[in-house]
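Visitor: Sequence and predicted structure, then a few things I'm wondering about:
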Amino acid sequence: MVQVLIPTDFSDNAMNALKYALELYKHERVEFYFLNAYQDDVYANDKLINRANFEDILESVRTNSQTLLESFLKAAKNLAPNPRYTYHTISAYNSLIEEADIIVNAKNIDLIIMGTRGKTNDKTISFGSNTLQVLKYVQCPVLVIPENYQYKRPKKIVFTTNFMIPYKRRELKLLSKIAIPYRSKIDLLYISKYPKLSIRQEDNKTFIMETLPENDVNYVTEANKSVADAIQSYIKKHDIDLLVMVNTRHSFLENILFKSTIDTMTLHIDIPFLVMQNMGRY
């Protein structure tokens, strides 16, 4: 059974991520956890003037969170009356990052699925602040779904890697399980001016190929000084349905995503984006 966590702020983007998740895993037995972490909503409440009315505001926000989660759950059941699915709701007075970490560890979550942006939906940025924080700090693979993205079977997947790190078998198996029902083609995309691999890179490449024996995996090299440009060009040229990258120190993703400010980030994603964290979970 796959364990999936879906954080929600009840925005249209969160609902769109839910729809994608329900379609993506329709062939699998899945336990879904719907999370609303409402600490920020308490402190941002206009009626919170001083500590005297803090408990009243907290109770009001908690009740609203629970009510909206029930509506979110009802919507999920209506969208996918799938007997393979089991649902849970979690309303938590906590930050999203802290609560997501707790649930990931307690429930052994395989994947977090969320929208690229939330309620604020600032169209001038690629990722909202909550999504960036989850991508950066929560030790679990994260699949982010762009605003208004219409579900499309992930037939063509590109996994961009420099082969410099030893990958985790669990996370590669997650990718394999996503791809198998759709007979997806996975392109391992290596972007470098120097196509020859070192011994370490060869070993890591071999590990990936050996861990995905049931998948159609192809090795591709691209010579380009700009990783972001190369990725976006490849996605467009090959009509890619899902982009996969790994977040670790000195990786492509860290350089592109986290060393840039939100406003100047060079990678603009308009397809689902799976970020694997390469952490030591088994």
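Guide: Received it, and whenever you're ready, just let me know what you need.

Visitor: got the residue ranges for the strands in this structure?
Guide: Assigned by DSSP state E, the chain shows strands spanning 2-7, 30-37, 85-92, 111-115, 142-145, 156-160, 185-191, 216-222, 242-246, 273-276.

Visitor: which of these is buried the deepest?
Guide: Across the strands of the chain, averaging neighbours per residue (mean count of other CB atoms under 10 Å) puts strand 111-115 on top, at a mean of 27. All C-beta spots, glycine's among them, are computed from the backbone N, C-alpha and C.

Visitor: between that strand and strand 30-37, how big is the angle?
Guide: Here the directions of strand 111-115 and strand 30-37 differ by 50 degrees (axes from the mean of the first three to the mean of the last three CA atoms, to 10 degrees).

Visitor: Not counting strand 111-115 itself, show me its contacts.
Guide: With CB atoms under 8 Å, 6 or more residues apart in numbering as the test, strand 111-115 has contacts from 2-8, 11, 13-14, 16-18, 20-21, 24, 100, 104, 128, 130-131, 134, 138, 140-147, 174.

Visitor: what about the helices in the chain?
Guide: Applying DSSP state H to the chain gives helices spanning 12-24, 39-43, 54-79, 96-106, 129-137, 169-179, 199-211, 227-238, 252-253.

Visitor: Compare those and say which comes out lowest on pLDDT.
Guide: Of all those, mean pLDDT reaches its minimum on helix 252-253 (a mean of 62).

Visitor: how distant is stretch 61-74 from the center of its chain?
Guide: How far stretch 61-74 lies from its chain's middle: 23 Å, per CA atoms, centre = their mean, to the nearest Å.

Visitor: Would you mind giving the helices of the chain as CSV with distance to residue 159 and mean neighbour count added?
Guide: Listed next are the helices of the chain as CSV, based on distance: least, CB to CB, whole Å; neighbours: other CB atoms under 10 Å:
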stretch, distance to residue 159, mean neighbour count
helix 12-24, 17, 21
helix 39-43, 34, 16
helix 54-79, 29, 15
helix 96-106, 22, 19
helix 129-137, 17, 18
helix 169-179, 7, 19
helix 199-211, 8, 14
helix 227-238, 11, 17
helix 252-253, 11, 22
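
Visitor: for these, which one sits closest to residue 153?
Guide: Ranking the helices of the chain by proximity to residue 153 (CB to CB) places helix 12-24 first, at 8.4 Å.

Visitor: Show me what the closest one is packed against.
Guide: On a contact count with 3 or more CB pairs under 8 Å, 6 or more residues apart in numbering; DSSP states H and E, helix 12-24 meets strand 2-7, helix 54-79, strand 111-115, strand 142-145.

Visitor: got CSV for those, with distance to residue 276 too?
Guide: Below are these laid out as CSV (distance: least, CB to CB, whole Å):
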stretch, distance to residue 276
strand 2-7, 15
helix 54-79, 25
strand 111-115, 10
strand 142-145, 9
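
Visitor: Which among the ones you listed is found nearest to residue 188?
Guide: Closest among these, once you apply CB to CB, is strand 142-145, at 18.8 Å.

Visitor: Starting from the closest one, tell me which strands it pairs with and how they run.
Guide: strand 111-115 (parallel), strand 273-276 (antiparallel) (DSSP bridges).

Visitor: Of these, which shows the lowest average pLDDT?
Guide: strand 273-276 - the lowest mean pLDDT of those, at a mean of 92.

Visitor: quick one: contacts of that strand?
Guide: 116, 135, 141-144, 146, 167-168, 171, 174-175, 178, 242-247, 253.

Visitor: picking that back up, residue 37 is nearest to which of the helices and strands packed on helix 12-24?
Guide: When the helices and strands packed on helix 12-24 are compared by CB to CB, strand 2-7 sits nearest residue 37, at 7.0 Å.

Visitor: how much does the closest one deviate in direction from strand 30-37?
Guide: Going by the same axes, to 10 degrees, strand 2-7 makes 20 degrees with strand 30-37.
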